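Peer 1: Sequence plus predicted model, see below.
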Amino acid sequence: MILDIKGLAFNYPGRSVLQDINFRVEKGDFLAILGTNGVGKTTMLKCINRILKPCEGVVLVENVEVCKLSRLDLAKRIGYVSQRQETPCCTVFDAILLGRKPYIKWDVSDQDLEVTQQVMELLELTDYSLRYLDELSGGELQKVVIARALAQEPDVLLFDEPTSSLDLKNQFEVLKLINKVVKSKQVAAIVTMHDLNLAIRFAEKFLMLKDGGIFAAGGLEVITPANVESVYSIPVNVEQFGGVPVVLPI
């Protein structure tokens, strides 16, 4: 077990968002968080990463409570890629090197430079190293942001709708990249997603949220017409196409 969520709850003023959230992820897991807008998917990621403070519950990464970790130690264990990205005026190499900030003391070390180079090679970004972020396409920028998170060498990667502003080709490339990182580095990825069919194609585990709680959790067996209709309030069929389940609204 690499991440353990026990009894997580969070309230905004006058509104309960999450109640009694319990789940675990292991090394090599790609977990998709599914549910309607406003159900608490982003809030859950922020609670895991201690951007928000839960009103109840415990988040443990490798059996250590995240609330007891310093910010630097937390960044060594959990990498977070939010929906909206700032694009400072720096090169791709420098942007990825920023992921080493939790490890840098007086100066950038040879280890920091080596890890940055390895991540760039893994994500096929070496040819972009001296390009500036504002010169990149949306898909290229998303790869750089993922690379920066990976340079932290975390145990867990959190992605908040990483494909929301990308075209079809880049959606597939980014999710394939996340899957590649999860398997090659044996880390865990938790990804909030709106597109059920993309989630089915790339994730192995699913968490379906409804009314602030977990409605269903498990593998592909939870992606049923009844569950999807209950969560999204729309009738669907789940058909096989090319050996892959596809959700089709009726």
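Peer 2: Thanks, I have the structure now.

Peer 1: Centroid-nearest residue for the chain?
Peer 2: Central residue of the chain (C-alpha atoms, centre = their mean): Phe159, 2.2 Å from the mean position.

Peer 1: So it sits against Val187, correct?
Peer 2: No: taking contacts as C-beta atoms under 8 Å, Phe159 lies outside contact range of Val187: 11.8 Å. Any C-beta I mention is one placed from the backbone N, CA and C, and that applies to glycine too.

Peer 1: anything in contact with each of those two?
Peer 2: Among the neighbours of Phe159, none is also in contact with Val187 (C-beta atoms under 8 Å, 6 or more residues apart in numbering).

Peer 1: Gln186: neighbouring residues, count only.
Peer 2: Gln186 has 13 neighbouring residues, counting by other C-beta atoms under 10 Å.

Peer 1: so what's it up against?
Peer 2: Contacts of Gln186 (C-beta under 8 Å, 6+ apart): Lys27, Gly28.

Peer 1: hmm, back to that, residues in contact with the residue nearest to the centre of the chain?
Peer 2: Neighbour list for Phe159: Val81, Ile146, Ile178, Ala189, Ile190, Val191, Thr192 [criterion: C-beta under 8 Å, 6+ apart].

Peer 1: change it to 10 Å
Peer 2: Taking C-beta atoms under 10 Å, 6 or more residues apart in numbering, we find Phe159 in contact with 30, 32-33, 45, 79-83, 142, 145-146, 149, 174-175, 178, 189-193.

Peer 1: now it: how far from Asp29?
Peer 2: Going from Phe159 to Asp29 by C-beta to C-beta, to the nearest Å gives 13 Å.

Peer 1: can you map out the strands along the chain?
Peer 2: 3-12, 15-25, 30-34, 56-61, 64-65, 78-81, 156-160, 188-192, 205-210, 213-218, 236-241, 244-249 (DSSP state E).

Peer 1: average pLDDT across the fifth one?
Peer 2: When you say that, I think you mean strand 64-65. What strand 64-65 shows for mean pLDDT is 92.

Peer 1: Give me the residues contacting that strand.
Peer 2: Against strand 64-65 from outside (C-beta under 10 Å, 6+ apart): Asp4, Lys6, Val58, Val59, Asp73, Leu74, Arg77.
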